[in-house]
Structures are given as C-alpha cells and as structure tokens.
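Undergrad: Fold the following for me, if possible:
(3 chains)
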Amino acid sequence: MSGSNVPEDLKYAPSHEWVRIDGDVATVGITDHAQHELGDIVFVELPEVGQKVEQGKGLAVIEAVKTVADVYAPADGEVVEVNAALADEAGSINADAYGSWIAKIKLSGPLSTELVDAAGYKAML
Amino acid sequence: MSHRFIPLTSVEEKEMLQASGVERFEDLIQAIPQHLRLARPLDVPPAMSEMALSREVRRLAQKNKGLSELVSFLGMGWSKHFIPAAVDTIVSRSEFTTAYTPYQAEASQGSLQQIFEYQTMVAEIAGCEVSNASLYDGATALVEGLIMASACTKNRKGFALASSLNPRYREVAQTYSSSNGWTFHDVAWTSGEGALDRKAAEKVLTENVGKIAALVVQTPNTFGLLEDLEGLADLCKAAGAVLLVVSDPLSNLLVDPPGVFGADIVVGEMHALGVPTSLGGPALGYLATWKKHLRQMPGRVVGRTLDAEGKRAYCLTAQTREQHIRREKATSNICSNQGLMTVAASVYMALQGPKGLEEVAEQCATRLAYVRNGLAKAGIKPLFAGVPFQEQAFRLPAGSRARVEAACRTAGLLPGVWLSDLMPNVPTETILVCTSETHTKQDLDLLVSILSSAGGAA
Amino acid sequence: MLHDDTGRTLFEKSHPGQRGTGEIEWDVPRGGIDSLIPAKFRRKKAPRLPELSEGEVVRHFTNLSSKNHHIDKGFYPLGSCTMKYNPKVHETLARLAGFASLHPLQPADTIQGALELMWRLEHMLAEISGMDAVSLQPAAGAHGELTALLVVRAYHLSRGEDRRKVLIPDSAHGTNPASAAIAGFECVTIKSAPDGRVDVEDLKSKLSSDVAAFMMTNPNTVGLFETRVEEICAACHSVGAQVYMDGANLNALVGITRPGDLGFDVMHFNLHKTFTTPHGGGGPGCGPIGVKSHLSAFLPSPRVENRDGKFTLAKPSTSIGPVHGAFGNFLIMVRAYAYILAMGPSGLAQVGRTAVLNANYLHQKIKAGMACKYDGPYMHEFVLDGSILKTMGLHTSDFAKRLMDFGVYAPTIYFPLIVPEAMMIEPTETESRETLDRFAEIFLEVLRECKDDPELVHTAPHNLPLKRVDDVKAAKDLVLTHPFD
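TA: Down below sits the predicted model:
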C-alpha cells in the first residue's frame, strides 16, 4: 500500500490505529500511513484472548526490521479474538493495512475521545 | 606540545581555532561554567616513554606467579589449555582488533561472517539450534539465562537452583536477584553421588505451582561430576518451566550436550576454547537455545542474507530484541559483548575440528583418571561417586590442608580449589582438582605425591 | 561458483579427515574415552565443526579480516564510540605471561602484581573523574550502568527507602533504560529542551522521593555540555535522588573538568572508548564504575585493599556482591593502565581539548552542507539532522553507505532519537587535521551527489566488498547458523 489510503468508514486514533465498531466490539488495526512509516513488518506480538486492556495502554506490539511500535487500545475492554494469521504472515499488514486487523476488543468503557473520522485523520497526516 | 597519540601540533591548533571561528580554545567550552573547570593538572604519574611504561608494567607482571610458572590444578570454570600460535596471529590482526560493532554490514563482513560461524559452532557443541554472539562470562551468562527463562514463562520469578552450581556463578546470580524480585529455591544433591536430587527438584516444582521459571542444573557440576539430564526437560515442561543447563563446552565433545536432552537454554563459559585464563577476564560467556525462544534471547545475533547483487552477505539481525530499539523492554541491556574472544574461539575450534577437540577433552579426562588412580592407592577417594570429566572433588584426611599447602608452596604447585571455602555443606579438606592436556606426567605424579604424603597420617 | 568465495564458510571449506592441529603426546596410559565415560553419557553425534589444515584456517580468517573497515585502516567517526587509535604496546603488555596466564582463583600472594595494577588503575580513574572510589568489575559500559544502579538501589535500601523510579532523558542511549529495567526500576522519560539539553523544569516536575536516580550523559548525546548540571544535581539531591553520569562521552571532559566536581554521585567509564582499549569488533570492553564516598560501601566485591604495599581482597558485608565471575576484564585493564602511564597529566590535558577542537573544526567545514538540529559550539561530537536528504528522495542510511565508498566508516546513524535522520560524528583527538579536511571534502562531495545523482547514493555502496545488504530479508528469513542440511 502507498501510505495514503484512509477509508471513510473507520475511526482513527492520533497514534495511527484504525478502529471499526460493531455493537460492543471494536476491531483494531494500524493505518496505511503507519505501515508505510514502519517499513517491512516482521513480527506482531499479539495479546491473549481474554486479556483485559485499558484505553490508551498497549494492546499489541509491531516489529519492523529496525523499529518497534506499540499498538494502543482505543477503549477499556477484553480481547475476544486475535488475528492468528499474522503469526505466519506479519507482512500482510504492509500489503493490506485495513484488511489485516490485529485484535477485537469487547468494550467495557467508552471509546477514547481522541478518535476522529477519516477527514480528521487525513488532516493529521 | 603534541603527544605520540595526538597528531595536532600547536601551529595547527591555532589555525583550526581560527577556522572554527574562535580566538581561544576557551571560547569553545563556554558552556562549561568557569568554576567547574579543572584548575590543576591531574594527579597521575608523569607521561612515560614507551620504554619506561613497558618497564613499569612488566614490573607488575613479574610480581605475579602465573600458570606458566606454577603447576596449577585450579579449575571451577577456568582452566589452562594449550592455545596454538595461529589463534593469536589472527586475533592480533588489527582488522579484527580495531573494528567495532558491525552496524554497517557492507564494511564489516569479516566480523559478521566470523560471528556467524562462531554462532554455528556454539550451537553445534551445545546441541541447540541457535546461539548469540557471546556474553561477558559464564557467571553473567547464567544471569542472562535466568532473565530469559523469566521472559519465556511470562515473567515467573522463582528458580529451582541446583546447589551444586558453581558457587561463584551462584553469587553473581544472587547479586541480581533482589532487584529483579527473584526467589531461589535450592535443590540439594544426593548424599552418595553428589548428583541433582530429582525428588527435591520435583518437590520445588510441585510446591510452587506456576511460580518457577526454570530448573537450573550444571553439568559437570561443581564437584566435577556429570549430571544425568534424562527426563528433566519433561519434568520442567509439566510445571510450565524451562530447563536451563550450565554446561562445560569441552565436556560436550565426549558427552551428549544439553540440547539433546531438550534443555531450553544452555549457558556457560567457553574461554577454554582459545582464550587464556587471564585472571578470569576477558572470558567468554555463551548462550544457546532454540528458534522458538529467539524473541526472548539476549545478545547480538548475526544472520545470513544477500546483498543487492545476490551475493551472500551477513548482518546483525533480530535487532528488535535489543536495547537500541526496545530500550527498557529489551531482552537484555547488553551492547558490547566479548567480541574479539569469539574470534579466538572460532580460530581455535576451526584448527582443532571435532577430532582435535575430542582429543583435548580425552586428554583432560585421562589425566584426571591418572590422578584419581594415584590417589586411590593412598586411600584418598573422591568426595562423591559419579562420572567426572576434567575435574573432581577429593576428600583429604582431616587436618591435612595445612600440610598440603606448605608442601605445595615449596614445590611451586597449586593443588586445586578448596571447595569448603566457597560452599557450605562441603567437608573441609575437600579439594577440587582440575587437569588438562597441559599437565605432564611429572606434574600429575608430583600432585599425587604431595596429596598422598601430606594427606597421610601426621 | 568456485572462484567467488564470497561468504563461503568454514563449514563449506571443510574436508573430512583434515585437522589443523597435531595429535598431542601421550605420556600417561590411554584407556580410551569409553573407559572414562559410560555409554549412556557418550556423545552420539559429533558436532559438525570444520575440518581444515592450519594454513586453510589462517587463510580463511585472514581473508575475512580484510573485509573489515577498522581504525588502523581509516577514519572511523562513529559518534559516541570514541574510535581513537589503539596503541600497540598495549597488546604486547596484555599478553605477558605474568598477566595472561593468571587463574582467578589463585591465592592473593601469587597475584600481587595484578592486584596492584587494579588498585592503581582504580585510583587513577578516580583522580581523572573526581570520584572517590572505583570498581573495575563490570565487563562493558552497559554492565557498568546496571552495576551502578544496583549500587544506588542498595544505598537507598540501606536508608530504609525502596525507591522504584529512574529518570532518563529521551536522548539517552538505549542501554540506559534497558539497564534500569533489568535493575528492577521503572523508567520515566525526561524531555529535551529546545536547545537540545535536559529540560530542567521537566526534570524538576518529575522528581520525588520515589526517584532513585537520574541518569544523564554529559556531554549529552547531541554533543552539548549540560550547563545546568549543578542545578540538576542540586535538584536531585534535594529529594535524595542520586545522579548518574553515563561516561560514554567522557573523552570530551578529560583534562577539562571532572564528573565528580560537577556533582555526580556515580558514573561508569568505557575503557574501550576513552582509554583506547581496542574495540575488538564488538568487545571485550570494560565498564568500571566510579562513586562518591557515600556509595563506596556498596561497590561490587571483592575489593582490592592495599596495606603498606601488600594487596589483599576484601568482601565487605555491605557490598552488592560480585557482578562478574572473576575480577572483570583484567587484560583490558592492563591496557588502560598502560595508556594512562603513556599520557600522564600533560597528555591527558590535551585529550579533551583536542577532541573538542577537532569536532568543532570538522563541524565548521561541513555545516554549510548540512546543519545540526541544535546549536553549538559542541564538545567532542556533533549530530547532524539529515532531513534535507528526504527532499532528494534519500535517507541518512543512504548517505552513510555512500560515505563508506570513500574509505571511511559511516558515522553513527539514527541516534539519538530526538534528531530526525541523525548522523553523529565524533572524530576524536587521535585524528590529524589532514584526515578531518579529507573527510569534510568527502562529506561535501557526497552531498553534491545527493543533489546531482541521487540514484548513485541510493544504491550505495559501490566500492566495498558487498553492495547494499538486505537486512529486511535477514529479519524476515532468519538464518542464524550455517544450514548444514
């Protein structure tokens, strides 16, 4: 991906996560801009299913060749599913940032007030 | 006023100051408050010519009696071996000595390939899949192994430590333990064989469910005896712990290495393969493990790849574990390691090959057997029944230590390590004797003679 | 292809049955391995070590060595590493049998010379740094950092305080937070101010009685002396926090000022930087620590004591214990000791001075081409901001690779993190003016190429044994040992 793709139907965090809400479940990934900045991703440290997460705190860790980046949870909750396919093919995030989700969280608190829509995120870049 | 190591002349200094846009040097250090600047020369000895300083340093060297003068049977992790001249020839090359961390792979292929080969040989000896580019020494390698075991078990902080671990290594682990919140559970040795008491190990694991990160065993242990590792990995696995083995690499030429028994982490001291005893430093710590544990492994690691033209190339890799990227979340804080000593070990191992190393190991063990047989004739027995490699603890008659030490002083001999000085629960007059291929028959006969007669009835 | 030896390993050159050493003589009865080791223990599969003649081994490593850039060959301006000349007499002296053949467990009366050397070196380092006591045990800088933090922790505990936080600037070397984490502390980041120095107000706002120490590098990692160091130390001391100096940049201060006089409580030295012991391709180093007297009781044991010229080893009960299996990297200490004897007060007085002058001179010569993020004058190193390269479609890494085509090593890149596309240049005092002039020319030439022929720079290096190495592939397809199968 080119680094400039920003789908309209998602929410975005200033820390470059995208979030899709379905009822009380939030699906989280990193944006096209983020994957472009990181370069080739070689490993994703996924959370465990059942793990409790806190808004603004670490949810997952992405390793590129020369850098490491934290993925932050957009709200309090519990991890209900992780994208196990990333274990074999971490690079799919580079190929398709929005198709390669990282984890799904069942929300137990409100979403971060810092989340913006596509226009707001484009303005940040 | 210039110095042989500082090319700048006073004429050049003037010109360079001008070129830097200042009148005086002091203008460059205005950021340093005046009152904080040194107002006197440093109080160290006046500068010496190379001739004079060589004389002074040799004076200090001559005040030591090393293993080239004394016949020594000291062991416990360090031992004297013969190092072929070619090792130092290569180690002395400034291409290896005056290079630094191979961050720029294209200009560092020499070091990178050498480290890659070293990693391969270490993994082979340990019976594991991977090794890192070295750690400081055997003791700190144990500590790094403990940290790694904790990381492999989601931060467990309890360790079952064999009491027959090298006491010096145990002390170093102790230093690190309080700040890490580690708890050590001692696993005793069996009274007849001095071997790891498996029931005691099981007890620690079952009484501390979910808390033990690793069972730590040393082979040969500090009495010099081989530990039977069979089944220990399963024991650990059942408790969710890892098996961490401290192993003498030279012994692993004769004995199946810990990797064969499923040890998760293998650590130890590798100086015996090409590095002189050096008062214990620089030494050469090693750590070997499996690919599945790679993310928790400390230290640098070199990998193989290609360059832009498809030629084989080597570079530092898996760097996201390390401090310069992960910072406080790194697997270790280690940056510089024992570098040049891995060159020494690589050359030594390449010269010896598997047959040469096996032969050195056989020589060491055979000479120990010769001593053991000689002592047996005088009624001096090993402390424990068991299979030794190159060192063994012997029980001397009560009250014999003073006589032994006096006789040794006269003969210019160091008979071994008095284990009770370093370990509780070991009888006094227990001496750990270590032999190597460098001991002649005369050396061995002398030791046996001194221990036999001084150990005899008063 | 047989004629291309690139990357061929020992294992590929191996031929079964060959051996580079001869059989050792047997003057005792040889019963054979099976008589020594029972079958159940015996190694079943021999390790796949290479089998080569002595000459083949020597040729292999000699050829490998020629692929390294090294200080004896050319300029090596790695910032923060102090790549200065390694005097050769040190190598001779470190190899003396009276040093190299010593066993660490020998009785003290047989190693009086070694103990004396260590005792003297401790005192020399204390004098050079303005500290009260020194331990030589840590085997590298990072090890020294960790040891220092353990000492600080022990100090606080002795006063009934279990302080859990360590403050660290965002510009610090990665070993600082890594060491703090391993020492059991929580790291709190202190911001850098607009001038590149520690933001003292941010520091003050984060000081509390839960802070064990503030770790700082001085000069800092952008080559600037922390002018407010006294104020910083006073602020830390007012809450009982200790101030630690990362001594990686000590070369800038030698003969000019002393960390102890600036107010630091504890610091580490890098003998393989400031004191010319060789870098060895990544070690062995030696990372002693220096402390003020209130911390000396906690230094690692054993301690060397001098009673009228008789040297003994003591184990104070207050010590944190040993951090190394023996005394540390002793043969490295021998080299550093010889260096200090070679320099004397007059030589040492020129070290910092010349290092600083060389750095500022070099900076003047290239600043028209590329600017530093922070203003000078600098101490022994300066950090360029390579962001302008991005406008040419290039990165600092490309620039660094192209520099190496001209026979110099690249500066440190991408450190510290507070400078984008950073390039850290430390010439050291052992480089001649001519070398600096030449490097400046090379630098400006490469900059011209960035504008006129960016593709050449983007695909550099061109003149080294290899072209650009694919480190992405190395990370994705991990091959960490020779693939035998």
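Undergrad: interface residues of chain B facing chain A?
TA: Neighbours of chain A within chain B, by CB under 8 Å from any CB of the partner chain: B:295, B:319-320, B:325-326, B:329. Heads up, the C-betas are built off the backbone N, CA and C, glycines and all.
Undergrad: Any of the residues you listed buried? List them.
TA: Buried subset of those (neighbour count, 16 or more other CB atoms under 10 Å in any protein chain shown): B:319-320, B:325-326, B:329.
Undergrad: Contact partners for the residue nearest the centre of chain A?
TA: Nearest to the geometric centre of chain A sits residue A:29, at 2.3 Å (CA atoms, centre = their mean). By CB atoms under 8 Å, 6 or more residues apart in numbering or on different chains, the residues touching residue A:29 are A:17-18, A:93, A:97-98, A:100-102.
Undergrad: Which one of those is nearest to residue A:64?
TA: Distance to residue A:64, by CB to CB, is smallest for residue A:93 among the contacts of residue A:29, at 9.8 Å.
Undergrad: what mean pLDDT does stretch C:445-454 have?
TA: Averaged across stretch C:445-454, the pLDDT comes to 97.
Undergrad: Repeat that for stretch B:59-78.
TA: Mean predicted lDDT for stretch B:59-78 stands at 95.
Undergrad: now that stretch, how far from the centre of its chain.
TA: Mean-position distance between stretch B:59-78 and its chain equals 18 Å (CA atoms, centre = their mean, to the nearest Å).
Undergrad: before we move on, what about stretch B:192-202?
TA: From the chain centre to the centre of stretch B:192-202 is a distance of 26 Å (CA atoms, centre = their mean).
Undergrad: First-to-last residue distance for that stretch?
TA: 19 Å (CA to CA, to the nearest Å).
Undergrad: the strands in the chain, which residues?
TA: By default, I'm working from chain A. A:11-12, A:17-22, A:25-30, A:41-45, A:52-53, A:58-64, A:68-72, A:75-82, A:103-111 (DSSP state E).
Undergrad: um, chain C though
TA: Counting by DSSP E, the strands of chain C are C:133-135, C:165-169, C:186-190, C:211-217, C:242-246, C:266-268, C:289-291, C:303-307, C:310-314, C:382-385, C:412-413, C:422-425.
Undergrad: JSON lines for these, including mean pLDDT and mean neighbour count?
TA: Shown next, in JSON lines, are the strands of chain C (pLDDT from 0 to 100; neighbours: other CB atoms under 10 Å in any protein chain shown):
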{"stretch": "strand C:133-135", "mean pLDDT": "98", "mean neighbour count": "25"}
{"stretch": "strand C:165-169", "mean pLDDT": "97", "mean neighbour count": "25"}
{"stretch": "strand C:186-190", "mean pLDDT": "96", "mean neighbour count": "18"}
{"stretch": "strand C:211-217", "mean pLDDT": "97", "mean neighbour count": "27"}
{"stretch": "strand C:242-246", "mean pLDDT": "98", "mean neighbour count": "29"}
{"stretch": "strand C:266-268", "mean pLDDT": "98", "mean neighbour count": "30"}
{"stretch": "strand C:289-291", "mean pLDDT": "98", "mean neighbour count": "30"}
{"stretch": "strand C:303-307", "mean pLDDT": "98", "mean neighbour count": "15"}
{"stretch": "strand C:310-314", "mean pLDDT": "98", "mean neighbour count": "14"}
{"stretch": "strand C:382-385", "mean pLDDT": "96", "mean neighbour count": "25"}
{"stretch": "strand C:412-413", "mean pLDDT": "93", "mean neighbour count": "22"}
{"stretch": "strand C:422-425", "mean pLDDT": "96", "mean neighbour count": "25"}
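Undergrad: Residue B:156 is nearest to which of those?
TA: strand C:186-190 (19.9 Å).
Undergrad: which stretches of the stretch 351-458 of chain B form helices?
TA: B:401-411, B:441-454 (DSSP state H, counting those that start in this stretch).
Undergrad: same question, the stretch 51-200 of chain B
TA: Under DSSP H, counting those that start in this stretch, the stretch 51-200 of chain B gives helices at B:85-91, B:94-97, B:109-126, B:138-152, B:167-180, B:198-207.
Undergrad: Go through those and pick out the most buried.
TA: Mean neighbours per residue, mean count of other CB atoms under 10 Å in any protein chain shown, is largest over the helices of the stretch 51-200 of chain B for helix B:109-126, with a mean of 28.
Undergrad: helices or strands up against that one?
TA: Judged by 3 or more CB pairs under 8 Å, 6 or more residues apart in numbering or on different chains; DSSP states H and E, the packing partners of helix B:109-126 are helix B:94-97, strand B:130-131, strand B:285-289, strand B:302-306, strand B:312-316, helix B:340-377, helix C:10-13, helix C:54-65.
Undergrad: So which residues on chain A come close to chain C?
TA: A:39-40, A:42, A:65-66, A:91.
Undergrad: For those, give me a markdown table that also has neighbour count, pLDDT and distance to chain B.
TA: Listed next are these as a markdown table, based on neighbours: other CB atoms under 10 Å in any protein chain shown; pLDDT from 0 to 100; distance: CB to the nearest CB, whole Å:
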| residue | neighbour count | pLDDT | distance to chain B |
| --- | --- | --- | --- |
| A:39 | 13 | 87 | 12 |
| A:40 | 18 | 89 | 12 |
| A:42 | 21 | 89 | 8 |
| A:65 | 21 | 85 | 8 |
| A:66 | 17 | 79 | 7 |
| A:91 | 18 | 92 | 15 |
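Undergrad: quick one: contacts of the worst-scoring helix or strand of chain B on mean pLDDT?
TA: Least confident helix or strand of chain B, by mean pLDDT, DSSP states H and E, is helix B:323-326 with a mean of 81. Helix B:323-326 has contacts (CB under 8 Å, 6+ apart) with A:66-68, B:319-320, B:330, B:332-335, C:142, C:173-175, C:177-178, C:415.
Undergrad: Poorly predicted segments of chain A, please.
TA: A:1-2 (pLDDT under 70).
Undergrad: Mind telling me which residue of it is nearest chain B?
TA: At 4.3 Å from chain B, residue A:63 is the closest residue in chain A, using CB to the nearest CB.
Undergrad: ok, back up a step: any idea which of the residues of chain A next to chain C is closest to residue B:426?
TA: Once CB to CB is applied, the member of these that ends up nearest residue B:426 is residue A:42, at 49.6 Å.
Undergrad: I'd like the strands of chain A as a markdown table, with distance to residue B:360 appended.
TA: Listed next are the strands of chain A as a markdown table, based on distance: least, CB to CB, whole Å:
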| stretch | distance to residue B:360 |
| --- | --- |
| strand A:11-12 | 64 |
| strand A:17-22 | 58 |
| strand A:25-30 | 54 |
| strand A:41-45 | 41 |
| strand A:52-53 | 56 |
| strand A:58-64 | 42 |
| strand A:68-72 | 43 |
| strand A:75-82 | 51 |
| strand A:103-111 | 54 |
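Undergrad: Once you drop chain neighbours, what's closest to residue C:146?
TA: residue C:179 (4.3 Å; CB to CB, 6 or more residues apart in numbering or on different chains).
Undergrad: Now for residue 30: which residues touch it?
TA: Defaulting to chain A. A:16-18, A:38, A:62, A:69, A:71, A:93, A:97, A:102.
Undergrad: Chain B, not that one
TA: Residue B:30 neighbours (CB under 8 Å, 6+ apart): residue C:377.
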